[in-house]
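Student: Compute the structure for the input listed below.
(4 chains)
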Number of protein chains: 2
Amino acid sequence: MSLYETVREELLRRVRNGTYACDTLLPSVATLSEEFGVSPITVKRALRDLRAAGVLVTIRGKGAYVKKQVRILRQLDMRMHSLHGTDISLISVTREKISDPSMVSLAPPDQMMLCVRKVISSDGAPFLYDASYLSSNVEDEIVDEFGRNFIVDALRKREIRIVKTEIVVEAFPATGKAAEIFDVPNGFPMLRRNYKMVTTDANITIYGVVQAPFDRLACSIDFPTLAMEI
Amino acid sequence: MSLYETVREELLRRVRNGTYACDTLLPSVATLSEEFGVSPITVKRALRDLRAAGVLVTIRGKGAYVKKQVRILRQLDMRMHSLHGTDISLISVTREKISDPSMVSLAPPDQMMLCVRKVISSDGAPFLYDASYLSSNVEDEIVDEFGRNFIVDALRKREIRIVKTEIVVEAFPATGKAAEIFDVPNGFPMLRRNYKMVTTDANITIYGVVQAPFDRLACSIDFPTLAMEI
DNA sequence: GAGTGGTCTAGACCACCCT
DNA sequence: GGGTGGTCTAGACCACTCC
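Tutor: Below is the predicted model:
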């Protein structure tokens, strides 16, 4: 094992066993490099890995803090609004085609669609980034509701029900945009859920993408009677 | 944007638009550092990020190759054996307690259990790492079958059916062991599925973990009539 | 101004591949 | 032996925080 890996594993061990407690400041790079007898740059590299793994958060001019681990576990068939202390923040409403390559498995239509992007926060920290696409010919009034509410809620007001849902769940490394919104380093492991919802209104089929950092969200699913693989 | 980020994004752009095609060798670090007018170390750092993002694979003494993207999409309620060209390789059969912290949300029992670990490969490349736990008092003969077959198959031979399944899906960064099996760098984004299966045999409840690199596996789920959140 | 981490560079050494 | 990438170091500069 290389030097920086050894340092990284030792620091990780100290975080896990509580030597470096939650929300506390780690010793400075200079101190650690002395203690381990390695160059400061090697310590920095170890810290960089730990940051990328969600173990630490570093603040320029201050130091490295042990990241608090609070992960939200969501049931996939649970309604969104049942979460406490969540806050919806509208990012943008645009007209565009679905170009996200991760959506291809849901075979989206190749036409201009209405796109509503929002960020959902819990206790001030964003934990979900949602982009949902609707047929461009939806009435303008409904757009406003979509920005402030969850889609199913907005649809229900108009007595539109969801008939069928397809979901694809995958992990992926954070890229520029998602990394910025969640304030995580590039390459940070993320969870993505692509969805397609068919409604009782033949004109309205909803496509979308929800993203979240791996350490803030996990999904749970229950199958009452289905036989499962592995 | 920092220098190495600029280099990284430009290289990524070239991979995406086909300038550097799949399975081809990139120019050497020395060449790239000349072209971009930066230090070789800065290029190396950019390459390191791209390796961590699953874009490149580097081989010592040869160079950096563009990684082929072949992701398997699996339906969560699809039976495993329906996949073509898959191969099961038994890693170990042990008796141990469930200590994986990612399992706590499924509330596993705190007792010695039988643990069967296997790797499932497709076309020679491992894409699934499964660890499944059973009550330790299961008959010895069944253990052998578990190593060679998928659990549901082994159970069905004994006319045991699955009554209920709970699943938790999450992303996480690859650590030492998983990184080794799949030959991915530390911190590589992975997809994990924790499961709990209740069977018709009151003595047999199965717990387990399936892991896969983000670029080799995604899960899909269909809900015929359920109303979904966001 | 002193201390912190983030970045970039130059130079060195090593392990590995190919010829 | 010459080329490749991986690692480690020393030194420098910058941006930031805190006193």
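Student: Going by C-alpha atoms from here, please, whenever you check contacts or count neighbours.
Tutor: Will do.
Student: ok, and the closest non-adjacent residue to A:Leu90?
Tutor: Distances taken as Cα to Cα, 6 or more residues apart in numbering or on different chains place A:Lys118 nearest to A:Leu90, at 4.4 Å, with adjacent residues excluded.
Student: For DNA strand D, give me its nearest residue in chain A.
Tutor: For chain A and DNA strand D, the shortest gap (Cα to the nearest atom of the strand) falls at A:Leu3, measuring 2.8 Å.
Student: Surely that residue is in contact with A:Lys44?
Tutor: No. A:Leu3 is not in contact with A:Lys44 according to Cα atoms under 8 Å; the separation is 11.8 Å.
Student: Show me the strands in chain A, by range?
Tutor: With strands called from DSSP state E, chain A shows them at A:56-59, A:63-66, A:72-75, A:86-96, A:113-122, A:125-135, A:162-173, A:189-199, A:205-213, A:217-223.
Student: Now do the fourth one, average pLDDT.
Tutor: I take that to be strand A:86-96. Mean per-residue pLDDT for strand A:86-96: 87.
Student: repeat for the fifth one
Tutor: Averaging the model's pLDDT scores along strand A:113-122 yields 89.
Student: what about the residue nearest to A:Asp201 when sequence neighbours are not counted, how many residues close to it?
Tutor: Nearest residue to A:Asp201, sequence neighbours excluded (Cα to Cα, 6+ apart): A:Ile160, at 6.4 Å. Counted with other Cα atoms under 10 Å in any protein chain shown, the neighbours of A:Ile160 add up to 15.
Student: Is it correct that A:Ile160 is in contact with A:Met197?
Tutor: No. Judged on Cα under 8 Å, A:Ile160 makes no contact with A:Met197 at a distance of 11.5 Å.
Student: A:Leu3 and A:Lys44: which is more packed in?
Tutor: Neighbour count, other Cα under 10 Å: between A:Leu3 and A:Lys44, A:Lys44 has more, with 19 against 14.
Student: Next up, the contacts around that one.
Tutor: A:Val29 (Cα atoms under 8 Å, 6 or more residues apart in numbering or on different chains).
Student: could you measure it against chain B, distance?
Tutor: From A:Lys44 over to chain B the distance is 14 Å, taken as Cα to the nearest Cα, to the nearest Å.
Student: can you pull the buried residues of stretch A:130-150?
Tutor: A:130-136, A:143, A:146-147, A:149-150 (16 or more other Cα atoms under 10 Å in any protein chain shown).
Student: tell me how far it is from the chain's mean position?
Tutor: Taking Cα atoms, centre = their mean, to the nearest Å, one finds stretch A:130-150 lying 21 Å from the centre of the chain it belongs to.
Student: Any idea how far apart the tips of that stretch sit?
Tutor: 10 Å (Cα to Cα, to the nearest Å).
Student: what's the model's confidence in that stretch, averaged?
Tutor: Rounded mean pLDDT across stretch A:130-150 is 79.
Student: how about that stretch, does it get close to chain B?
Tutor: Yes. Stretch A:130-150 is in contact with chain B by Cα under 8 Å from any Cα of the partner chain, via A:130, A:150.
Student: what does that stretch contact?
Tutor: Residues outside stretch A:130-150 that contact it (Cα under 8 Å, 6+ apart): A:80-81, A:88-90, A:93, A:95, A:98, A:112-120, A:154, A:203-211, B:229-230.
Student: what residues are up against A:Thr175?
Tutor: Per Cα under 8 Å, 6+ apart, neighbours of A:Thr175: A:186-187.
Student: do that again at 6 Å, thanks
Tutor: With contact set as Cα atoms under 6 Å, 6 or more residues apart in numbering or on different chains, A:Thr175 has these partners: A:Asn186.
Student: same deal with the one 4 residues further on?
Tutor: Counting by Cα under 6 Å, 6+ apart, A:Ala179 touches A:185-186.
Student: how close does it sit to B:Lys164?
Tutor: Distance from A:Ala179 to B:Lys164, by Cα to Cα: 37 Å.
Student: Equivalent analysis for A:Leu26, please.
Tutor: From A:Leu26 over to B:Lys164 (counting by Cα to Cα), the distance is 45 Å.
Student: How about A:Val168?
Tutor: 22 Å.
Student: More neighbours: those two, which one.
Tutor: A:Val168 (23 against 18).
Student: What confidence value was assigned to the more buried one?
Tutor: At A:Val168, pLDDT is 94.
Student: what residue ranges in chain A score low on pLDDT?
Tutor: A:77-84, A:224-230 (pLDDT under 70).
Student: gap between the residue in it sticking out farthest from the centre and A:Val29?
Tutor: Using Cα atoms, centre = their mean, the residue of chain A lying farthest from its centre is A:Gly37. It sits 37.8 Å away. As judged by Cα to Cα, A:Gly37 and A:Val29 stand 12 Å apart.
Student: Ok, A:Ile221 next?
Tutor: Remark: distance between A:Ile221 and A:Val29 (Cα to Cα) = 43 Å.
Student: thinking A:Asp23 is in contact with A:Val66, fair?
Tutor: Yes. Between A:Asp23 and A:Val66 a contact is recorded at 5.0 Å, counting by Cα atoms under 6 Å.
Student: In terms of packing, which of the two has more residues around it?
Tutor: For A:Asp23 versus A:Val66, the count of surrounding residues by other Cα under 10 Å is larger for A:Val66: 21 against 14.
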